[in-house]
Structure formats: structure tokens, C-alpha cells
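Q: how does the following fold in three dimensions:
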Amino acid sequence: MHVLPYCPLCGGRIDLVVPGTCVHCQAPHYRNARPTAGGLVVRGDEILLLRRAIDPWLGRWDIPGGFCEGPEIQEDAARREILEETGLHTTILSTLGSWIDHYELGAITFDTLNTYYLLDAGPEPQPRLDEENSEIGWFNLQNLPLDRIAFPSHQRDVLAAWADWLG
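A: Reported below is the predicted structural model:
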């Protein structure tokens, strides 16, 4: 059950079980998933993963990505997030798929719609770290850190889809 304490439109206290309608301004409220995008940057039979330096999932390996900003479509968000997190300019090769997850950060929990892409960064990608990550690693199917993966409720499935894509 998702409870909205205040109406984001009028600011009135509502303690509304979503979906529902604000008793003050009659605005409808839904439990919509927030869109995110991520990308498996491929290099031969390897992908790039980042070790998180922030919560949630501090210290776990993560697929580069993040939330869409404003009117941004997921393809653009995936390329932007990878550029911000690694410095790599990438080209989308294929859509891998979409997965629903629950994002938890302290007392805040919400649903996310996570779309992943396979991306190419050119013949000799030279990634660099940003402040959200502490390490960069290239992994193949034999050395994937599945027991140390961030957002395991869906990223393990993303990595399985990549394995299927490899054949």
C-alpha cells in the first residue's frame, strides 16, 4: 500500500491511499513508476560495471544508469547517464528490455520502470570514474559479480538477458 501524505498540487494534508483523489482540490493521484534507463556498455564479450560509492547499494556493482530528467526519453537518459558516470560517448546497439523494481532510499520507496540498452563505446573505450562510483570493471559471463550486484531484484535478470543476447 502506498500512502501520499500531502497533495503535490495543492499541498493539503491527505494521507491518501494511492490511487485516489485529493479531498481538497480533487486532483487524481496514481502510483506511477518513475522511468529510468541504463546501459550495458559492451566490449567484445565483456560489459562495463561500476562499483557504487553511494547509497542505495553502496559498494555493490551496478549497471550505469539513472532516472530520466523532465521530458527526457529513456534512450537519451541512458546515453547521458553513461557519459556522466564514465565519460564515454556511446551509441545504442539494441534495446535489451524493461523491468519493474522498487527503489528504496531510507524511508522513501517508489516503483521504477527500468529500461536497459546495449551500447557501443568505440574500439578502445577509456572510462573514468565520477563521484557516485569507486571502481570500474569489465566483466564477462564467467566473472560476473552476481552475489555483489546492486538492485538484485531486477539487475540479475538484465544480466541474464545479456547472456541470452550473446547466445
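Q: so Asp157: helix, strand or coil?
A: For Asp157, the assignment made with DSSP: H, G, I helix; E, B strand; the rest coil gives helix.
Q: spatially nearest residue to it, not counting backbone neighbours?
A: Trp99 (5.9 Å; CB to CB, 6 or more residues apart in numbering). C-betas here are computed from N, CA, C, even on glycine.
Q: which residues does that neighbour bridge with?
A: Asn114 (DSSP bridges).
Q: mind checking how far it is from Ile73?
A: 18 Å (CB to CB, to the nearest Å).
Q: what about the two, which has more around it?
A: Neighbour tally, Trp99 and Ile73, criterion other CB atoms under 10 Å: the higher count belongs to Trp99, 20 against 11.
Q: for the most far-flung residue of the chain relative to its centre, what are its contacts?
A: Of all residues in the chain, His24 has its C-alpha farthest from the mean position, at 34.6 Å, by CA atoms, centre = their mean. With contact set as CB atoms under 8 Å, 6 or more residues apart in numbering, His24 has these partners: 7, 10, 12, 14.
Q: how many neighbours does the first one have?
A: Spelled out, it's Cys7. Neighbours of Cys7 under the rule other CB under 10 Å: 19.
Q: distance check, it against Val17.
A: 13 Å.
Q: from the contacts of His24, which two are the most distant?
A: For those, the farthest-apart pair by CB to CB is Cys10 and Ile14; their separation is 9.0 Å.
Q: which residues are in contact with each of the two?
A: With CB under 8 Å, 6+ apart, Cys10 and Ile14 have common neighbours 22, 24.
Q: and the two? Which one has more around it.
A: Neighbour comparison, Cys10 and Ile14: the larger count goes to Ile14, with 22 against 13 (by other CB under 10 Å).
Q: pretty sure that one contacts Leu4?
A: Yes - between Ile14 and Leu4 there is a contact under CB atoms under 8 Å: 6.3 Å.
Q: picking that back up, touching, the residue nearest to Asp157 and Asn114? I think so.
A: Yes - when contacts are counted by CB under 8 Å, Trp99 is listed as touching Asn114 (5.0 Å).
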